[in-house]
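I would like the atomic coordinates for the input below:
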Amino acid sequence: MERHHLTLEEMNRVVGLLEGGMRQVDAAERMGVSQSVISRLWRRFRTTGNPAENHPGRGRCTTAIQDRFLVLTARRQPTITAPELDMEFQRAHNLTIGRDTVRNRLHEADLHSRRPIRCPPLSRGNRAARLNWCREFQNWGVNEWSTILFTDESRFGYHPDSRRIRLWRRSGNLERLRHVQEVHRYRGGTIMVWGGISIGRRTELVFPDGFLRAQQYLENILQPIVQPYAEAVGENFHLMHDNARPHTARIVTQWLDNEGIDVLQWPTQSPDLNPIEHVWNMLQRRITPNMGNVQNVLEFRELLTAEWTNLNQEDLNNLILSMNRRCRAKGSATLGAALDLVEAVIKNMESGRHVVDLFADLQKAFDTVDHKKLLEKLYNMGARGPAIDLT
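Model prediction:
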């Protein structure tokens with residue numbers, strides 16, 4: 001049976017045969033195609049220099065200026081949706097291009113839809129405290145971090161709705177109905193756990209009853225677990241716990257002072273700095289595949305305890321040792337430069353000097369300009385010091 005199509009490699013081979021003097025009939029017989037296929041291929045090669053067919057397809061419906069409009073609008077309004085951006089484009093250019101075209105243009109500019117990073121609300125005081133804390137501890141080494149016990153509480157649900165479960169299915173409504181994940185609206189209840197990690201070791205898991213209270217924290221966690229842990233580490237031991245009410249209650253702070261246990265001062269609203277938060281995430285991923293076998297609270301606790309014990313200690317050590325990198329990242333951010341600038345302005349104003357500030361948002365004004373070249377030009381024009389550092 002004769003074929004009607006050739007691969008690009010076969011086309012080039014036919015061209016070589018014909019240029020070598022072979023007849024089209026013989027080339028067609030050797031390749032197993034009709035002579036008309038060889039004839040069209042040879043005519044196309046002699047006309048265009050390319051044996052392959054050229055299928056130009058549909059033309060581009062937007063110009064370079066219109067593409068730039070889409071990209072700049074998305075960068076200036078990062079939460080805008082593709083349909084909303086399509087409407088903005090229609091109002092500005094009196095042209096409808098469709099949401100798929102909008103997405104394609106943004107993808108060409110390496111702009112993709114992503115979930116934003118979530119963080120607790122931070123006041124100016126919170127930001128300054130976080131910055132100072134990171135600058136204080138960014139040069140700590142293994143010896144210093146190894147004396148700290150990072151602790152925290154977390155809740156795990158019987159029916160977690162983490163939305164991490166993905167599946168492969170064909171398109172269509174019928175396939176969608178075959179792969180429905182049942183989700184309990186109130187997650188079927190939760191269980192609270194407490195744990196601690198340090199370099200080379202970890203504590204056992206504690207399951208407080210209901211909400212953790214100061215008396216329960218003292219009697220069930222600090223006295224039976226933290227105190228022996230501190231004695232094993234030595235006089236340089238530091239306890240890290242956040243500023244939750246049970247941790248800062250008077251009976252807790254007085255007991256810690258009496259026992260000589262030093263508490264690492266922790267900036268408020270900073271759960272992202274605590275490496276044990278990542279451990280809770282690791283633990284959740286490990287227990288999720290086995291949640292179908294859990295029938296009661298006792299089995300749930302046994303599952304959590306078993307997976308907590310099976311966590312790789314090397315992974316926990318690496319999380320703690322990453323504190324230097326995270327502190328340096330937050331301690332050298334633009335926020336730090338801005339706070340330094342504000343502090344310098346206040347000092348000069350208190351000294352009776354005249355202060356003039358000029359702010360230019362280069363990111364917004366020059367979205368399509370190479371910022372490195374722009375800074376070089378500003379430097380050549382005489383811009384120095386904070387004017388260059390802040391940009």
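
where along the stretch 201-350 of the chain do the helices fall?
214-217, 227-233, 245-248, 250-259, 276-287, 297-310, 313-321, 323-331, 334-350 (DSSP state H, counting those that start in this stretch).

weakest of these by average pLDDT?
For those, mean pLDDT drops lowest on helix 334-350, to a mean of 63.

on that earlier part again, could you redo the helices of the stretch 201-350 of the chain as CSV and give each row mean neighbour count?
Just so you know, the C-beta spots here come from the backbone N, C-alpha and C atoms, and that holds for glycine as well. Formatted as CSV, the helices of the stretch 201-350 of the chain follow (neighbours: other Cβ atoms under 10 Å):
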stretch, mean neighbour count
helix 214-217, 18
helix 227-233, 15
helix 245-248, 16
helix 250-259, 13
helix 276-287, 17
helix 297-310, 14
helix 313-321, 16
helix 323-331, 17
helix 334-350, 13
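
Could you export the ones you listed as a markdown table, including distance to Asn139?
Listed next are the helices of the stretch 201-350 of the chain as a markdown table, based on distance: least, Cβ to Cβ, whole Å:
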| stretch | distance to Asn139 |
| --- | --- |
| helix 214-217 | 32 |
| helix 227-233 | 21 |
| helix 245-248 | 27 |
| helix 250-259 | 26 |
| helix 276-287 | 22 |
| helix 297-310 | 32 |
| helix 313-321 | 13 |
| helix 323-331 | 7 |
| helix 334-350 | 15 |
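
Leu122 is nearest to which of these?
Nearest to Leu122 among these is helix 334-350; the distance by Cβ to Cβ comes to 9.7 Å.

Nearest to Lys373, out of the helices of the stretch 201-350 of the chain?
helix 334-350 (20.3 Å).

How many residues are close by Ser36?
Neighbour count of Ser36, defined by other Cβ atoms under 10 Å: 12.

do Thr63 as well
10.

Out of the helices of the stretch 201-350 of the chain, flag the one nearest Met22.
Of all those, helix 276-287 comes closest under Cβ to Cβ, at 63.4 Å.

rewinding a little: would you mind saying which of the helices of the stretch 201-350 of the chain lies nearest Pro121?
Counting by Cβ to Cβ, Pro121 lies closest to helix 334-350 out of the helices of the stretch 201-350 of the chain; the figure is 15.0 Å.

thinking again about what came up before, looking at the helices of the stretch 201-350 of the chain, which is nearest to Leu70?
Closest among these, using Cβ to Cβ: helix 334-350, at 27.0 Å.

that older thread, go through the helices of the stretch 201-350 of the chain and name the closest to Thr47.
Among the helices of the stretch 201-350 of the chain, the nearest to Thr47 by Cβ to Cβ is helix 334-350 (58.9 Å).

quick one on the thing from earlier: and the helices of the stretch 201-350 of the chain: which comes nearest Gly189?
helix 297-310 (8.6 Å).

now for the closest one, which elements pack on it?
On a contact count with 3 or more Cβ pairs under 8 Å, 6 or more residues apart in numbering; DSSP states H and E, helix 297-310 meets strand 190-198, helix 276-287.

Recalculate using a threshold of 10 Å.
In terms of contacts (3 or more Cβ pairs under 10 Å, 6 or more residues apart in numbering; DSSP states H and E), helix 297-310 is packed against strand 148-157, strand 190-198, helix 276-287.

returning to what we had before: nearest to Glu53, out of the helices of the stretch 201-350 of the chain?
helix 276-287 (50.2 Å).

which residues touch stretch 294-306?
Applying Cβ atoms under 10 Å, 6 or more residues apart in numbering, the external contacts of stretch 294-306 come out as 156-159, 189-191, 193, 195, 204-205, 207, 283-284, 286-287, 290-291, 293.

ok so, going back, just send the helices and strands packed on helix 297-310 back as a markdown table, with distance to Gln216 too.
Written out in a markdown table, the entries for these read as follows (distance: least, Cβ to Cβ, whole Å):
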| stretch | distance to Gln216 |
| --- | --- |
| strand 148-157 | 11 |
| strand 190-198 | 10 |
| helix 276-287 | 20 |
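
Could you work out which of the ones you listed reaches nearest to Arg124?
helix 276-287 (23.9 Å).

From Phe150, how far off is Gln284?
Distance of Gln284 to Phe150, computed by Cβ to Cβ, to the nearest Å: 18 Å.

just His238 next, same as before
With distances taken as Cβ to Cβ, His238 is found 10 Å from Phe150.

you'd agree Ile251 is up against Gln215?
Yes. Here Ile251 reaches Gln215: they are 6.9 Å apart, a contact under Cβ atoms under 10 Å.

In the protein, mark out all the strands, start to finish.
Using DSSP state E, the strands of the chain run over 148-157, 190-198, 201-202, 238-240, 262-263.

The helices and strands packed on helix 297-310: which one's closest to His247?
Of all the helices and strands packed on helix 297-310, it is strand 148-157 that lies closest to His247, at 8.9 Å by Cβ to Cβ.

what does the average pLDDT come to for the closest one?
The average pLDDT for strand 148-157 rounds to 92.

and that strand, what does it pack onto?
By 3+ Cβ pairs under 10 Å, 6+ apart, strand 148-157 packs against strand 190-198, strand 201-202, helix 227-233, strand 238-240, helix 245-248, helix 276-287, helix 297-310, helix 313-321.

is it possible to export those to CSV including distance to Gln66?
Output for the helices and strands packed on strand 148-157, formatted as CSV (distance: least, Cβ to Cβ, whole Å):
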stretch, distance to Gln66
strand 190-198, 51
strand 201-202, 57
helix 227-233, 64
strand 238-240, 53
helix 245-248, 56
helix 276-287, 42
helix 297-310, 53
helix 313-321, 47
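
closest one to Met87 among the helices of the stretch 201-350 of the chain?
Checking the helices of the stretch 201-350 of the chain against Met87 by Cβ to Cβ gives helix 334-350 as the closest, at 33.2 Å.

Of the helices and strands packed on helix 297-310, give the one that comes closest to Thr62.
Nearest to Thr62, of all those, is helix 276-287, at 41.6 Å by Cβ to Cβ.

So in terms of bridging, what pairs with Val263?
Leu239 (DSSP bridges).

what about it, neighbour count?
Look at Val263: counted by other Cβ under 10 Å, it has 15 neighbours.

Just list the residues touching it, thanks.
Here Val263 is in contact with 238-241, 247-248, 252-253, 256-257 (criterion: Cβ under 10 Å, 6+ apart).
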